[in-house]
Structure formats: C-alpha cells, structure tokens
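> The following comprises the amino acid sequence and a computationally predicted model.
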Amino acid sequence: MRNLRVSRNVRRQQRRREPLPPLPHFGDHLTPAVLLSINTGMRLGELLALRWESIDFDRKLLTVEGARAKSRQTRHVFLNEEAMSVLNRWREQPLDTQRVFPMSSGFRTAWYSVLRRAKIVRFRWHDLRHHFASSLVQIGVLEKAGVGIFPFDIMLKSDMKRLPIEHFKIKTGAPATPIPYRSSNESITSLMSGQTAFGFIETPAVVPQIAAGNLRALAVTIPTRISELPEVPTLAEAGVSDVVAGTWFGLLAPAGTPMPIVKKIEAASRKIAGTDDFKARMKALSSASIGSTSDELGARMAEEVKRWSAVVKTANIKFEQ
C-alpha cells in the first residue's frame, strides 16, 4: 500500500495535483489485520465488517455485532496493549472511512499472495485465532485493561473443584471471581448468555456446543491435547505452565493389605486397562486408560497433595466441614 501511494503521488505530481498524505505507520492493510486477529481471535469476515464506531478506545473494548458474527450473537472483546497500539496507529492512516478495513475486495487476494511468496501451505486465516494471544486474550486483556473483577463459572460439586481455578488465577494473575454452578449445563448456559467470561467445564459436555459454534475452546487442562479437540492447545502450550486439572480414578486397598494381594490386583487391573474394549469405553467418555502400577499411583498422589496443598495455602481456601 505504501509503494502504491508513492507511485500514485508521482503521477499526481506529474499532473501538478496535490499529493496524497503519506502513510505514517503501516505500508499495507494485512499487517494490522493479522495483528488484530492474533490478539482478539476475530474471524476474517468479522474484521472486514468491523466499523470504527464499534471500538471504544477509552474502555479498550471492541464489539462484534451479532449480525456480522458467525454465531449470530453479539460479543465484546477486551483489547490488549498490542491490539490497542495497532488500532491507534491504523486510524491515523488517511483512510477516511467508516469501516476499519475498507479494502475487502482485494484482501483475500493479498493474503493468499503473501502465503505463496512465503511458501506457506495449509494455513488459514482461522489458524491465527489459535495463537496464544487470542487463545487467552479474555484473561490477559482484562487484567491489562484495569478491570478489577470479572466473572467466570465453574461446575462446583465440591470445594475440590475450585482448586484448579485458583491455581490458574495464581499463575496468570487474572482478577476473576468464581461463580459456582451445580451442573455443566448451567455453566454452559451462563457462558452462552454472556453472564460469565470463561469457564472450566468437562469435555463431554462442551464438545457439542463447540462443534455448533456456540462456544470456543481456549485450552485443555490436561498435559496433552485430546482427540476430540486436536487443534486446541494445552494450557502449557498456551503459555500457562504447571496448571493441570482433570479427573482421574485410582483403585485403592485398605492400609495393611499384604503386598502379594496388592500386586495380584494390580496385575489384573492393568490387564483390563490395556484391553481394546476398555480403551474404547474410556474414549467414548472423553477419557483415556492409564493402567499405572501401584508405585506410580502412589507417586502421583504424593505429587497431587504437594501441588494442591500449596494452592490451598496461597489462595487461603477454607473448606467446608
């Protein structure tokens, strides 16, 4: 765009016409659009339909109107420092238009041209939305924007459900206030209605809503990606390390059980856990078969006690008796 402006001004000067004002920041329209999508998670269609009147620079808030959103639901996106910088510099460009990116006719052509020149294959604009900045923008942006408290939901069947969320708050510094719900359905309804900003909900309950475009998965809370949502990063991949949450089950025996009996039960349990039928049953429940030894289970339990004891102490959690 900057080279085009220069060439146009050369022709205007040859015709003794007033030159167009220079482009002060961006030499093209792709750079600010890519940066904005990375930092907000906006789709290309939403970017091209975005109007300046939908951006509140004072509150650092961007509104995606439902009529222009894929989900047909209006949503609000808090703008982080880079997104604000991009928008402030871009509006200084002498475009004089109601839309933020008015050049939609050649936008996709320019995007694919860049990919070809860079020899990038199988990469979509949508993939920009999986960048860390967009994956956790709701959390980091709210903190930087100076919002003291924002709500998120958890399915709170017991006080133990609160621990991963408190650990997440400790690691990110997110100024969040938990709102407990009795079921996953209540949490999902709260998210879809905009009452809460984000939630920690079991995979089987949210996968259908994600597939329908009603919810967006930000990250999974176990150490590895899951087959149901292979494109969704783990929290560690998204930049939040050491926060691991998930339900697991162990088979325990009374204290003092003779070791030969423990080993016999261990062998039988591991044999069952290794069968294709058991693995298939677990996969149907969005779970995975582990089949650890008794020593491995004991080590994991000790590790869990150490981790969550530190979280309880730091967050000053008081459990109900």
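The structure has been received and is ready for your questions.

> and Leu297, what does it touch?
Residues in contact with Leu297 (C-beta atoms under 8 Å, 6 or more residues apart in numbering) are Gly250. C-beta: built from backbone N, CA, C; applies to glycine.

> Let me see the ranges of the strands in the stretch 1-150 of the chain.
Along the stretch 1-150 of the chain, the segments classed as strands by DSSP state E, counting those that start in this stretch run 55-56, 61-64, 75-78, 150-155.

> same question for the longest one, mean pLDDT?
Across strand 150-155, the average pLDDT comes to 50.

> and if you look at the third one?
The average pLDDT for strand 75-78 rounds to 73.

> which stretches of the protein have low pLDDT?
In the predicted model, the chain carries pLDDT under 70 at residues 1-12, 18-28, 69-71, 78, 94-96, 103-106, 129-161, 175, 319-321.

> can you pull out the strands in the stretch 151-300 of the chain?
With DSSP E, counting those that start in this stretch as the criterion, the stretch 151-300 of the chain has strands spanning 176-181, 199-200.

> who wins for proximity to Gly41 among those?
Among these, the nearest to Gly41 by C-beta to C-beta is strand 199-200 (16.4 Å).

> what lines up beside that closest one in the sheet?
According to DSSP bridges, strand 199-200 forms sheet pairs with strand 150-155 (parallel).

> in stretch 59-74, what counts as buried?
Lys60, Leu61, Leu62, Val64, Arg68, Ala69 (16 or more other C-beta atoms under 10 Å).

> What is the nearest of those residues to Ile210?
Among the buried residues of stretch 59-74, Ala69 lies closest to Ile210 (C-beta to C-beta), at 15.7 Å.

> Quick one: the strands of the stretch 151-300 of the chain as a markdown table, columns for mean neighbour count and distance to Ser227 too.
Shown next, in a markdown table, are the strands of the stretch 151-300 of the chain (neighbours: other C-beta atoms under 10 Å; distance: least, C-beta to C-beta, whole Å):
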| stretch | mean neighbour count | distance to Ser227 |
| --- | --- | --- |
| strand 176-181 | 17 | 27 |
| strand 199-200 | 20 | 20 |
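
> In a markdown table, list those along with distance to Gln93.
Shown next, in a markdown table, are the strands of the stretch 151-300 of the chain (distance: least, C-beta to C-beta, whole Å):
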| stretch | distance to Gln93 |
| --- | --- |
| strand 176-181 | 36 |
| strand 199-200 | 38 |
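
> Just give me the longest helix of the chain.
Longest helix in the chain by number of residues (criterion: DSSP state H): helix 294-315.

> can you pull the buried residues of that helix?
Those would be Ser294, Leu297, Trp308, Val311, Val312, for helix 294-315 by 16+ other C-beta under 10 Å.

> mind checking the end-to-end distance for stretch 39-49?
17 Å (C-alpha to C-alpha, to the nearest Å).

> any idea where the helices of the stretch 101-250 of the chain begin and end?
107-118, 132-135, 137-144, 162-172, 184-192, 203-211 (DSSP state H, counting those that start in this stretch).

> Could you export the first one as CSV, CA atoms only?
What that stands for is helix 107-118. Taking C-alpha atoms only, helix 107-118 is exported to CSV below (Å, rounded to 0.1, in the frame of the first residue of the first chain):
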residue,chain,number,x,y,z
PHE,A,107,-8.0,-8.5,0.9
ARG,A,108,-8.1,-12.3,0.3
THR,A,109,-6.0,-12.0,-2.8
ALA,A,110,-3.3,-10.1,-0.9
TRP,A,111,-3.4,-12.7,1.9
TYR,A,112,-3.0,-15.7,-0.4
SER,A,113,-0.3,-13.9,-2.3
VAL,A,114,1.7,-13.4,0.9
LEU,A,115,1.3,-17.1,1.7
ARG,A,116,2.5,-18.1,-1.7
ARG,A,117,5.6,-15.9,-1.6
ALA,A,118,6.4,-17.2,1.9
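
> for it, packing partners?
helix 30-40, helix 44-49 (3 or more C-beta pairs under 8 Å, 6 or more residues apart in numbering; DSSP states H and E).

> what residues go with each domain of this structure?
When the chain is parsed with automatic domain parsing, its domains come out as 2-130, 148-222+232-241, 259-315.

> where's the longest one relative to the chain centroid, distance-wise?
Here domain 2-130 is found 22 Å from its chain centre; the criterion is C-alpha atoms, centre = their mean, to the nearest Å.

> Then stretch 253-264?
44 Å.

> Run through who's touching it.
Ile265, Ser294.

> Quick one: end-to-end distance for that stretch.
12 Å.

> same question, stretch 208-221
For stretch 208-221, the first-to-last residue distance is 18 Å (C-alpha to C-alpha).

> want to try TSV for the buried residues of stretch 59-74, with distance to Ile170 as columns?
Compiled in TSV, these are given as follows (distance: C-beta to C-beta, whole Å):
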residue	distance to Ile170
Lys60	25
Leu61	27
Leu62	28
Val64	31
Arg68	37
Ala69	33
